[in-house]
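Engineer: would you be able to build a 3D model of this:
(one chain, ligands or ions: 2)
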Amino acid sequence: MASNCSLPFVYISGEEVRRLVGMAELIEEMARGLRWVSERDEGGVVQPVRTVVRVDKYCGNLGLMPAYSSKSDSLGAKLVTFYPHQIEGVPSHQAIVIVLDPRTGTLQAIVDGVEITNMRTAAASACAARALLQQAPRVLCIVGSGVQARSHAEALRIHHSFSEVRIWGRSAASAQRCADEVRAKVSLSLPDALRDADVVVAVTLATEPLIRGEWLKTGAVVISVGACHSDWRELDDDVMLNSLVTVDSCDAAMKESGDIIQSGVSPSNSQRPNCVSCRQRYLQKLEK
Ligand SMILES: NC(=O)C1=CN([C@@H]2O[C@H](COP(=O)(O)OP(=O)(O)OC[C@H]3O[C@@H](n4cnc5c(N)ncnc54)[C@H](O)[C@@H]3O)[C@@H](O)[C@H]2O)C=CC1
Ligand SMILES: O=C(O)C1=NCCCC1
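Structural biologist: Ligands and ions are numbered 1, 2, ... in the order given. The predicted model follows:
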């Protein structure tokens, strides 16, 4: 169902989102949006770090994510729940997005946010890979075999032709299903999956470090998507302390990224420029 014309606003389903938005186009939109965010005041984006309401009784979380962009003149908010202890048949992440008229504040649309979250997250990772890779990558390793594993396999192939895509999952059966769906190879051992990988995507709900620095190729680009809670981890201290750590928002990373908070990496340390705009300045400095 695309919309209900008897309502004063439209409802856009996940299927409709998928039909209306292509991944390649979304990657370009994300690149534009990330640039505006990095430009701070000049970019015209007002996007406070999200508020996360903990639903401790059920080990759940509710994220409230409002934003306004003056350049695209768009106003809205996403409400997202993430419940790491999955119940069979219930997605671990569920969301809706509301779109408001920026001139009046009137509700214009309610959009299913599940598909948006799946696609947008992977599109942002594809932008990061494109910006950070120094040369054409050969091997992609995806750690995790859920929804984000699938969307990342799609998004990262748009700008790169990998000769090998590997999937590792803690459940071999789930990794195999995911690998079959995305035309990848399943790896039963994590160190083997990571060996010589040029791009590594971490998309699990792990709460303890899974990926060790000693298993990574020097120069690998590691895209950390999970561990988006101060209590969660995916990367060990070796990875965090011996890498150039680049984030989209220093404020959000310092509040939410378990890998950054618990390893003690500081985005304010100028020797390790950690946000996209700091990195751009750093790269310019290197070129001089
Ligand atoms: N940074 C961002 O903007 C976003 C981050 N995420 C995060 O990405 C991660 C993946 O999300 P989805 O694919 O949607 O979730 P999902 O529930 O579809 O898949 C999660 C995967 O993690 C695996 N897993 C769970 N616990 C594990 C453990 N201890 N060790 C190894 N694997 C484990 C599961 O078996 C499953 O393969 C989550 O942490 C999620 O919160 C999701 C959306 C946006
Ligand atoms: O940005 C998002 O959307 C999410 N981030 C962290 C986990 C829930 C969804």
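Engineer: the closest residue to ligand 1 within the stretch 101-250 of the chain and Arg40: what is the separation?
Structural biologist: For the stretch 101-250 of the chain and ligand 1, the shortest gap (CB to the nearest ligand atom) falls at Gly146, measuring 1.9 Å. No exception for glycine: its C-beta is placed from N, CA and C like everyone else's. Going from Gly146 to Arg40 by CB to CB, to the nearest Å gives 34 Å.
Engineer: the two: which is more packed in?
Structural biologist: The neighbour count for Gly146 versus Arg40, taken as other CB atoms under 10 Å, is higher for Gly146 (19 against 10).
Engineer: pretty sure the more buried one contacts Val203?
Structural biologist: Yes. Gly146 lies in contact with Val203 (CB atoms under 8 Å); the separation is 6.7 Å.
Engineer: tell me what the lengthiest helix in the chain is packed against?
Structural biologist: With secondary structure taken from DSSP state H, the chain has its longest helix at helix 113-132. Contacts defined by 3 or more CB pairs under 8 Å, 6 or more residues apart in numbering; DSSP states H and E place helix 113-132 against helix 14-20, helix 23-38, strand 74-82, strand 93-100, helix 147-159, strand 221-224.
Engineer: which of these sits closest to ligand 2?
Structural biologist: Ligand 2 lies closest, by CB to the nearest ligand atom, to one member of the helices and strands packed on helix 113-132: strand 74-82, at 4.2 Å.
Engineer: low-confidence ranges in the stretch 151-288 of the chain?
Structural biologist: 267-288 (pLDDT under 70).
Engineer: pull up the residues of the stretch 101-250 of the chain that are close to ligand 1.
Structural biologist: Proximity of the stretch 101-250 of the chain to ligand 1, by CB under 6 Å from any ligand atom, involves residues 117, 121, 144-149, 169-171, 174, 203-206, 210, 225-226, 228.
Engineer: now do 8 Å
Structural biologist: Proximity of the stretch 101-250 of the chain to ligand 1 (CB under 8 Å from any ligand atom) is limited to residues 117-118, 120-121, 124, 143-151, 169-171, 174-175, 178, 203-208, 210, 225-229, 232, 234.
Engineer: want to throw the helices and strands packed on helix 113-132 into JSON lines with mean neighbour count?
Structural biologist: Compiled in JSON lines, those are given as follows (neighbours: other CB atoms under 10 Å):
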{"stretch": "helix 14-20", "mean neighbour count": "15"}
{"stretch": "helix 23-38", "mean neighbour count": "18"}
{"stretch": "strand 74-82", "mean neighbour count": "18"}
{"stretch": "strand 93-100", "mean neighbour count": "18"}
{"stretch": "helix 147-159", "mean neighbour count": "22"}
{"stretch": "strand 221-224", "mean neighbour count": "23"}
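Engineer: can I get those in a markdown table with distance to Gly258?
Structural biologist: Shown next, in a markdown table, are these (distance: least, CB to CB, whole Å):
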| stretch | distance to Gly258 |
| --- | --- |
| helix 14-20 | 29 |
| helix 23-38 | 22 |
| strand 74-82 | 14 |
| strand 93-100 | 17 |
| helix 147-159 | 16 |
| strand 221-224 | 10 |
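Engineer: next, format those as CSV and append distance to ligand 2.
Structural biologist: Putting the helices and strands packed on helix 113-132 into CSV (distance: least, CB to the nearest ligand atom, whole Å) gives the following:
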stretch, distance to ligand 2
helix 14-20, 14
helix 23-38, 12
strand 74-82, 4
strand 93-100, 5
helix 147-159, 9
strand 221-224, 12
